[in-house]
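K.L.:
here's a sequence, model it:
(2 chains)
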Amino acid sequence: MADTPVLELTSIGKTYGAGDHQVSVLRGVHLAVPRGDYVIIVGPSGSGKSTLLNILGCLDRPTEGSYHLLGENTVDLDDRALSHVRNRRIGFVFQSFQLVSHLTVAENVELPLFYARVPRHERRERCRGLVERVGLDHRRDHVPTQLSGGECQRAAVARALSVDPALILADEPTGNLDTQTSKEIMRLFAELHAGGTTIVLITHDPEIAAAAPRRVTIRDGEIEADERLTGGAP
Amino acid sequence: MIGELFVEGLRNLSRHKLRSLLTALGIIFGIASVMAMVSTGEGARRAILAEIDQLGTRNIIVNSLEPPAEQRTLKEDEVRVRRYGLTFRDLQQIRETVPVVSNTLAVHDEQRWVWFGSRRFAAKVRGVSTGYLETLNLEPALGRSLTDVDNEQRRRVCVVRARLLRDAGYVGDPLQLDLKVGDEYLQVVGVLDDVEIQSSNRAVLGIDQRAFEVYAPFDTVVHRFGLTSKPISQQSAELTRVELHQIVCEAASSEAVIDAARCIRTAIASLHDEQDYQIVVPLELLASMERTQRVFNIVLPIIAGISLLVGGIGILNIMLASITERTREIGIRRAIGATQADITAQFLIETVVLAAVGGVCGVALGTAGALVLERFTEWQPVITGWAIALSLGIACTTGVVFGLYPARRAARMRPIEALRHE
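P.N.:
Residues are numbered from 1 along each chain as shown, chains lettered A, B, ... in the order given. Next up, the predicted model:
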């Protein structure tokens, strides 16, 4: 198992529409991410990176190719099984935070555990540790509208970590934040990476892209470059 | 997990209190009307059953009726005796020609003053055949009933109602009381408890609400007071002669009651020129009650169904609006791992909670309505646990039926699109 990559994309293709109106968004994408790696996928808008993210997040299916998550081919799974994969193996961090607006920070962080059928008292306990870890102790009973953008994103990171997923999938996590807060969030990701968490982060911002040891550039639905910047992953 | 969804549902509804209230209004009124209808129906049913029970299902009651007064002015010094109603001839006719009647009881009433010192009360002295009190379930709470010996020896004894003694302020031992009735004295031998008598029942039993009744042996009354009487309170020269005010016929069995009633009708019809009597068959009241009940059983579900349909459509409408409004939330929940079943359960439970809360309010409102009816009308609604359970069951079912479609629709949203929804 140690050798199995966390995720492995093989000849992934995605086309929308049918017949003459077919639009090919992704073509022949190969990507393998080993355990503990930190990959930033960078590309301009329209490059197909959002589609790629949806496929990686099991929110969408590729039209071609196979996607193995922890060695399991997800392409054949039904909706229910995909829900379980999203719940237990993937932690999402979105650009617009995507917190449930009427739930408190603590409740938002607990939500994935609720769907994982974790008993209530255990949820409470795990949630407390996570909220502490992202430094939102004093905000646990606040609702998202009472928080700053940075705090929202920290809550979202805590939520993503709650089920102890194999993969953290972040979609432009700094897109709605100012420079200072962006740095803080990126530092949080760096800390997670240092702790051994596997992270795939998608951005259009080349500056952010320098934060990770591995950078994958995507353009017009194809991978243009896959380079290791510093030292590298284990 | 399910419990938490209920709490969550309740919280969501309380975030929009006014909206939830307005949505539940249809259910509230629907359930309230179901409760009120079931309760008044049940009350009416019990009242009629109690009445029939009191009158006896084997009995046929024939009452004398006073025909409309003739427009003829009396000449000076002329003494006219108005005759109407049942006669000894009728009684004999019934005894001789109606074979299925096992027992006949005669009643002759006399209006007299009952004296307590200088205070007097207008009383109805009822001369009754032996067994009358027993047949109509009037058991003395104190002392004894009237016997054959009382009748044969024309004993001056009587059975009174507790109310008379109470109103008269009599505090001694009732059985020591020699009651002054008109010009006679009757020894009290028994006291009847005050039983609430239904108003329609009074008419059938010939009970005058204003008069107190004193029951005495038939022969005693006829012998002491005579058959011809004049009104006690009015200064009128007109005398009336009614031989029998009531004949109670007991059929041999409840199966024979309807036949017996028909025989009695033909037996006495030939003896009367005008309709100065009335035949009441308690068993027929039962049959007519069952007919009413049948109509009720059809009308009730229709009315309840329509009001709940309206309420349900209100819920459906607001839930569809709600899931559109909460598309993002649904997307988030789906992204972090909620299955379609989880989303369905969440919204279905929220709808059921709304409907159930509406149901509880409806039950409360219906109960309050029933109490108001009880206070201000003659009806006596009876609220049964069964009616409450039925109402809540209907409310929850409405929630499930009308919540299913919005919940399924929420569950089927595509997560990516739901997440992008603004």
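K.L.:
got the CA coordinates for stretch B:286-301 in CSV?
P.N.:
In CSV, the C-alpha atoms belonging to stretch B:286-301 read as follows (Å, rounded to 0.1, in the frame of the first residue of the first chain):
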residue,chain,number,x,y,z
LEU,B,286,-80.4,4.0,17.5
ALA,B,287,-81.0,3.2,13.8
SER,B,288,-81.4,6.9,12.9
MET,B,289,-78.2,7.6,14.8
GLU,B,290,-76.4,5.0,12.8
ARG,B,291,-77.7,6.6,9.6
THR,B,292,-76.4,10.0,10.8
GLN,B,293,-73.1,8.4,11.7
ARG,B,294,-72.8,6.9,8.3
VAL,B,295,-73.2,10.3,6.6
PHE,B,296,-70.7,11.7,9.1
ASN,B,297,-68.3,9.0,8.3
ILE,B,298,-68.3,10.0,4.6
VAL,B,299,-68.4,13.8,5.1
LEU,B,300,-65.7,13.9,7.7
PRO,B,301,-62.9,12.4,5.6
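K.L.:
pull the residues that contact that stretch.
P.N.:
With contact meaning CB atoms under 8 Å, 6 or more residues apart in numbering or on different chains, stretch B:286-301 is reached by B:34, B:37, B:38, B:41, B:44, B:45, B:48, B:49, B:52, B:57. Using the backbone N, CA and C atoms, a C-beta is placed for each residue, glycine as well.
K.L.:
avg pLDDT for it?
P.N.:
Stretch B:286-301 shows a mean pLDDT of 82.
K.L.:
so how far is it off the chain centroid?
P.N.:
Offset of stretch B:286-301 from its chain centre (CA atoms, centre = their mean, to the nearest Å): 14 Å.
K.L.:
swap in stretch B:412-422?
P.N.:
Worked out by CA atoms, centre = their mean, stretch B:412-422 lies 60 Å from the chain centre.
K.L.:
quick check: buried residues in it?
P.N.:
B:413, B:415, B:416, B:418, B:419 (16 or more other CB atoms under 10 Å in any protein chain shown).
K.L.:
endpoints of that stretch, how far apart?
P.N.:
The first and final residues of stretch B:412-422 sit 18 Å from each other (CA to CA, to the nearest Å).
K.L.:
do it and chain A meet?
P.N.:
Yes: Stretch B:412-422 comes into contact with chain A (CB under 8 Å from any CB of the partner chain), by way of B:415, B:416, B:419.
K.L.:
how much space between the first one and residue A:164?
P.N.:
Meaning residue B:415. Relative to residue A:164, residue B:415 is positioned 22 Å away (CB to CB, to the nearest Å).
K.L.:
pLDDT at residue 16, what is it?
P.N.:
You didn't say which chain, so I picked chain A. Reported pLDDT for residue A:16: 87.
K.L.:
correction: the question concerned chain B.
P.N.:
Confidence score, pLDDT, at residue B:16: 89.
K.L.:
contacts for the helix or strand in which residue B:278 is found next, please.
P.N.:
Using DSSP states H and E, residue B:278 sits in strand B:277-280. Strand B:277-280 is contacted by residues B:55, B:60-65, B:85-86, B:90, B:204, B:261, B:264-265, B:268 when judged by CB under 8 Å, 6+ apart.
K.L.:
my guess is residue B:107 meets residue B:124, correct?
P.N.:
No: counting by CB atoms under 8 Å, residue B:107 does not reach residue B:124; the two are 10.3 Å apart.
K.L.:
what's the longest strand in chain B?
P.N.:
strand B:101-116 (DSSP state E).
K.L.:
what's the closest non-adjacent residue to residue A:101?
P.N.:
Counting by CB to CB, 6 or more residues apart in numbering or on different chains, residue A:101 lies nearest to residue A:144, which is 5.5 Å off, once chain neighbours are set aside.
K.L.:
distance of residue B:136 from chain A?
P.N.:
Residue B:136 is 66 Å from chain A, where distance means CB to the nearest CB, to the nearest Å.
K.L.:
quick one, phi/psi of that residue?
P.N.:
When read as degrees, to the nearest 10, the backbone of residue B:136 gives phi -100, psi 20.
K.L.:
tell me the helix or strand right after the longest strand of chain B.
P.N.:
Taking DSSP H and E, what comes next after strand B:101-116 is strand B:119-128.
K.L.:
what segments of the stretch 51-200 of chain B are helices?
P.N.:
B:88-97, B:132-135, B:148-152, B:162-168, B:199-205 (DSSP state H, counting those that start in this stretch).
K.L.:
returning to that earlier point: buried sites along the strand holding residue B:278?
P.N.:
Buried-residue list, strand B:277-280, by 16+ other CB under 10 Å: B:277, B:279, B:280.
K.L.:
pairing partners for the helix or strand residue A:67 falls within, with directions?
P.N.:
Per DSSP H and E, residue A:67 falls inside strand A:64-69. The pairing partners recorded for strand A:64-69 under DSSP bridges are strand A:7-16 (antiparallel), strand A:72-73 (antiparallel).
K.L.:
now tell me what touches the last one from outside.
P.N.:
Right, the one you point to is strand A:72-73. Outside strand A:72-73, the residues within contact range by CB under 8 Å, 6+ apart are A:66, A:67, A:85.
K.L.:
now render the residues you listed as TSV, adding neighbour count and pLDDT.
P.N.:
Below are the contacts of strand A:72-73 laid out as TSV (neighbours: other CB atoms under 10 Å in any protein chain shown; pLDDT from 0 to 100):
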residue	neighbour count	pLDDT
A:66	14	94
A:67	21	94
A:85	19	94
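K.L.:
quick one on the thing from earlier: narrow the contacts of strand B:277-280 to those in strands?
P.N.:
Filtering the contacts of strand B:277-280 for strands - DSSP E - leaves B:60, B:61, B:62, B:63, B:64.
K.L.:
wait, which of these is closest to chain A?
P.N.:
residue B:61 (69.3 Å; CB to the nearest CB).
K.L.:
for that closest one, give me the pLDDT.
P.N.:
89.
K.L.:
beta partners for it?
P.N.:
residue B:248, residue B:280.
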